[in-house]
Every structure is written in C-alpha cells, then in structure tokens.
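1. Structure, please.
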Amino acid sequence: MIERNNIDWVRMDFVMKYRKKYFIKTLYMILLVLTSLLILSACDEKKEKALDVESVQDFNSEDYTIGVVTGFIFAEEVKENLPNANVKIYANREDAYKGLMAGEIDGIADDEPVVRSRLRNDDAIKLVPGYVKKADYSFIFQKSENGEKLSGEFSDYVSELRSSGKLDSLDDKWFGEETDNKISDDASSLPNTNGKLKVAYDSEIPFAYSSGGKPTGYEIDIIIGFCEKYGYALELVNDSFVNLFSGVSSGEYDAACNGITITESRKESFNFGAPDYNGGTCIYVKAVVDGAEELQKSDTISNSFKNTFVNNGRYKLFLNGILITIIIVLSALVGGIILGIIMYMYGKRGYPLVRLIIRIITGLIHCIPVVMIVMLVYYSFYNHMAVGGMLASQIAFILYFADEIYMMIERHAIKRKDDEEDKYNLQDKYRLEFIDTKEFFHILFKDKEEIVEDFRERVVTLIKMTAVVGYVTTQDMTRIFDVIRLESKETMIPLVATTIAYFLLIAVVIAIINRINIRSKKDENSTD
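-> Here you go, the predicted model:
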C-alpha cells in the first residue's frame, strides 16, 4: 500500500513540475507578444498631409466627413450649421480619435473646453478657428421649488465669480499649461449648516472627473466653493451621462454637472444655473508640421508609460483598482463557499418550504447574468451609499459563487457512489436527512483531484467575471483602466497593464490552489 502511494506521488510530482514549466513558458510567450505589439504600435511613424481648411465653415462641403460621438448634440448641430458635410457616428471619443488618426474622417466635432484640455497633452491635433455653434454650459437642477432656489443661489455665486475675476482664474488653472495644479479641495470637510447636496458628475476632463480616486475639475471647484459659501455639505457621485438627467429629474440628485450644454429643450425639464463656461461646439483636425515625418511625443514608450502611471500619481489608482478586485474575489471565494455549502445542505434536508425557497433562489441566480445581479443589487439597495458599488459587487459575487459551489457539490454528489451501497448515488442516500454531514463530505472528496480541478475552473471564471463591476461605479481594475485612459489619453499601455494584472491574479490563485492540493496529498501519503 505504501509502495503504491509512493509511485502515485512520484507520478503526480512529475506532472506538477511539467505543468509549472509549461505555465512559465506560456507566460513568457504572452508577455513577449504583448511587448512586441506595444513597441510596434508605439514606434509607428506618421506622415501627415495638409487639410485645406481655415475655418469651421470650410467643412460645409461633401468633400469632408466630420466625426461625432453618439449621445451628444454634436450630430444635430453639424447637420444644422454644416448641412453639406458628411457625418460619421462613433460610440465614444476614443473611437472617433482613432478614426481621425486613421484617416476615416477629416475632423471631429466636440465641446471646445474638452478639445482645449486635449490639446494640452496631444501634439497630434489642432483646433480649427470658429464654432459649429456657440453654447453656454452650466449645472442642472430639478424642475421644482427647491431646484429653482438652488439654481438662483448658484447663479448669484457664478455672477460673483465672474465679476471678481475668479472664474478667469479657474479657466487658467484647468485649461492652462501647468500640470501640477490640477487638484480640487476635499469636499467631505464642508460643514453641514444648511443641509446636504448630492451632486452627480460624469468623467469629462477638465470639467469633472476622478483623479487619484478623488473628484476634481473645473466645475468641482465651482460647486465646492458654492457649497462653502451657502453652508451646504456636499456628496459627489460619479455616474453615467444619461443618469445625470434621470437622477436630477427623479430627485435622486440635487444637481449634476459635466459641461452640460444649455439648450431650450433642456430648459423645459430642468432649472439651469447661470453659465459657468462660455464656448461651443468646435472641430479639431490632425496637426500638420510642413508635411514632414515626425515621431509624435505622445507615441513614445517612455512618455506613454510616464503619462499613464507616473503623472498625477496614477499608479496609485491602478494599485487601488487591483486591491479592490482582489477584495471582491476573496469575499466571493470565502462567502460563496460557506453560503453554497449551507444552501446545498438545507436545500436537501431542510423543511419543504426552506428547500423550495433555496431552489427558487439558486434557479434565479443560475439563470440571471452576473452583471445583471450586480446592477440589481446596486440599484435596489446601495446606489445612495458612497461605498455602495463595492458592497453590491461583493454581495452579488458571493451569491454567484455560492450558486457555483452548490452546482459543483450537486454534480459530484450525483456521480459519487457509496462503496458499501453501490446502487445509490450519494445525493440519493443523503438527500433528506444528511445523517452524518462529515461522512457525506468524506465520501464526496474520495476522488479529490476531480473536484479540485472543477473548483479551479470555477475560480478562474469568477475572477474573469469580476471585470463587470465597473458598471456600478466600483473602482476595480477595469474601471481604473477607463479612468486612466480618459485622463492620460493613452489606451494601449493601460489596457496591456490591466490584462497582465488579471492574468497574474488568476495565475497566483491557481498556484495557491495547486499548492494546497499538493500539501494535502503529501499529508494523505504520510498518513498511509
């Protein structure tokens, strides 16, 4: 018996060493391919051709195609003021930018303050003189008595800023060339003298966005100063652009900002404060340097890396995102295993009503996509809390992994035969009473290798599934990737870094599971 076990251990040890060697080779190969792609994309030299336009009105021709982002009013403004131009719709600003660089379009219509901010860090583009349409921007407030009161106070405050020259100072701060002054005060320290305002914002540089995990920006400075003057405490919530309007309309938020354009149609549904920025929709194109070849500054590896991780301490954001992802994974592992075992035991031996409830719960969890579970938990219970996204993500993934554990136990219990009564499978024998829970799990784990392999695959799926928690504003790795991409205007390096981080996280967790399994095998062999 001892001899046979020693042979099995030697065989298993050989297999594990082979797997380890294969894993390391695969890791090196993946990193080599990703690095090669990064170098090729970063070192690509660009040849620019001159675009024969001197003002925005020159685009009013069928010879030109203007890119616009869906969800904004740019397409309508271009069609209204440049009716002869062709329009191409893009899902987001980065896709439109890539289309411009690839030559799919001749220019991009966007808010002038957004373009001004982008010009500060991007030598590959330039602003065309003139506007497609001039516009004013401000905060929106609810169409109610309280909303009218707040918008009136806000208008008075903006008028004071404008007359004192402080609004011009804010313009210099957020649109100027300096990079080390782009920081807003901490809103949490404001005294609650006249109540608390809940203000939502979308990530729109330089108006309002998250930097270093904290709300910052041109309009963040304005709303903090406003609350300080009128004695309001302030809660800032990051949300999607669409939710800004629905949230204010329903009363979930007292106000919202994002460089929101004041329009007549929006005035019918919301109270606007006095304009805090005057600009409009403009067009930017690829920059031209006398038709010569040049290696763009923003395209070099060192500058891209610095812009992605070093500037404004963005590496801290990335590390925080990794930590939050790990916390969600560990919560789901521990909570899911415990809850899954409890659900299985009481789903088989509990009172009929308890068994029915557990079957309904597991059936619902099993049939609903995990992203929908996360969003249902968040918007039903936690969307009003500062850490609501994190709590909702943990609870949703505990439920998800509990269902996975439940299904795994049931699958192996049906397959496992009791040595003494071969005609019964394990689940049939213990389905009502679980006379001896310890005996049940002892028999269940007789073929432990198969269960460990099944468990390992479910853990890998769990980790990959956590990439959806950014939908509820949780600052996990994928959400941080999006924040850094918006701030730095870099896409490739943050994407590669996030991919590698997920790969390493999965590899480490698998290595830990394998290590525990090997130690367990050693203990069994030494006992025999």
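2. If you tally nearby residues, what's the number for S188?
-> Neighbours of S188 under the rule other C-beta atoms under 10 Å: 11. For the C-beta atoms, the positions are set from N, CA and C on the backbone; glycine is no exception.
3. For it, give me its contacts.
-> S188 makes contacts with L234, as judged by C-beta atoms under 8 Å, 6 or more residues apart in numbering.
4. before we move on, what about F154?
-> Counting by C-beta under 8 Å, 6+ apart, F154 touches 139, 141, 226, 255, 273-274.
5. roughly how far is the helix or strand it falls within from the heart of the chain?
-> Using DSSP states H and E, F154 sits within helix 145-164. Relative to the mean C-alpha coordinate of its chain, helix 145-164 is positioned 34 Å out (C-alpha atoms, centre = their mean, to the nearest Å).
6. before we move on, what about stretch 90-106?
-> The answer for stretch 90-106 is 22 Å, by C-alpha atoms, centre = their mean.
7. Now that stretch: average pLDDT?
-> Averaged across stretch 90-106, pLDDT comes to 86.
8. Need the nearest residue in space to the residue nearest the centre of the chain, chain neighbours excluded.
-> Compute the mean C-alpha point of the chain, and by C-alpha atoms, centre = their mean the closest residue is R479, 2.1 Å away. Distances taken as C-beta to C-beta, 6 or more residues apart in numbering place G470 nearest to R479, at 3.4 Å, with adjacent residues excluded.
9. what's the burial count for the one you found?
-> By other C-beta under 10 Å, 21 other residues sit near G470.
10. repeat for M101
-> Neighbours of M101 (other C-beta under 10 Å): 15.
11. Buried residues in the helix or strand encompassing L353, which are they?
-> Assigned by DSSP H and E, L353 belongs to helix 352-367. Within helix 352-367, the residues that qualify as buried by neighbour count (16 or more other C-beta atoms under 10 Å) are 355, 358, 361-362, 365.
12. now these in TSV, with pLDDT and distance to S155?
-> Shown next, in TSV, are the buried residues of helix 352-367 (pLDDT from 0 to 100; distance: C-beta to C-beta, whole Å):
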residue	pLDDT	distance to S155
R355	82	62
I358	88	57
I361	89	52
T362	88	55
I365	90	50
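13. and which of those residues is nearest to I66?
-> Of all the buried residues of helix 352-367, I365 has the smallest distance to I66: 46.8 Å, by C-beta to C-beta.
14. Quick check, the closest one in contact with Y400.
-> Yes - counting by C-beta atoms under 8 Å, I365 does reach Y400; the two are 6.5 Å apart.
15. Find residues that contact each of these two.
-> The contact sets of I365 and Y400 overlap at I373 (C-beta under 8 Å, 6+ apart).
16. tell me which residues of stretch 201-219 are tucked away?
-> Using 16+ other C-beta under 10 Å as the test for burial, stretch 201-219 gives 201-211, 215-219.
17. okay, how far is it across it, tip to tip?
-> In stretch 201-219, first residue to last residue: 9 Å (C-alpha to C-alpha, to the nearest Å).
18. hmm, back to that, could you export the buried residues of helix 352-367 as TSV, including distance to R162?
-> Below are the buried residues of helix 352-367 laid out as TSV (distance: C-beta to C-beta, whole Å):
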residue	distance to R162
R355	68
I358	63
I361	57
T362	60
I365	55
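19. which among those gets closest to L100?
-> Out of those, the member with the shortest distance to L100 (by C-beta to C-beta) is I365, at 44.5 Å.
20. wait, what's in contact with the closest one?
-> Per C-beta under 8 Å, 6+ apart, neighbours of I365: 373, 399-400, 402-403.
21. what's the following helix or strand after whatever helix or strand R479 lives in?
-> Using DSSP H and E, R479 falls within helix 477-488. Sequence-wise, the next helix or strand downstream of helix 477-488 (DSSP H and E) is helix 492-527.
22. elements contacting the helix holding R479?
-> Under the contact criterion of 3 or more C-beta pairs under 8 Å, 6 or more residues apart in numbering; DSSP states H and E, helix 477-488 touches strand 209-211, helix 314-349, helix 492-527.
23. Tell me which of these sits nearest to A91.
-> helix 492-527 (16.2 Å).
24. what's the angle between that closest one and helix 477-488?
-> 160 degrees (axes from the mean of the first three to the mean of the last three C-alpha atoms, to 10 degrees).
25. buried residues in helix 492-527?
-> Residues of helix 492-527 classed as buried: 492-498, 501-502, 505-506, 509-510, 513-514, 517, 521 (neighbour count, 16+ other C-beta under 10 Å).
26. For the chain, which segments count as strands?
-> Under the criterion DSSP state E, strands of the chain are mapped to 46-47, 65-69, 86-90, 107-111, 125-127, 133-142, 196-201, 209-211, 214-216, 233-238, 255-261, 270-272, 277-286, 293-294.
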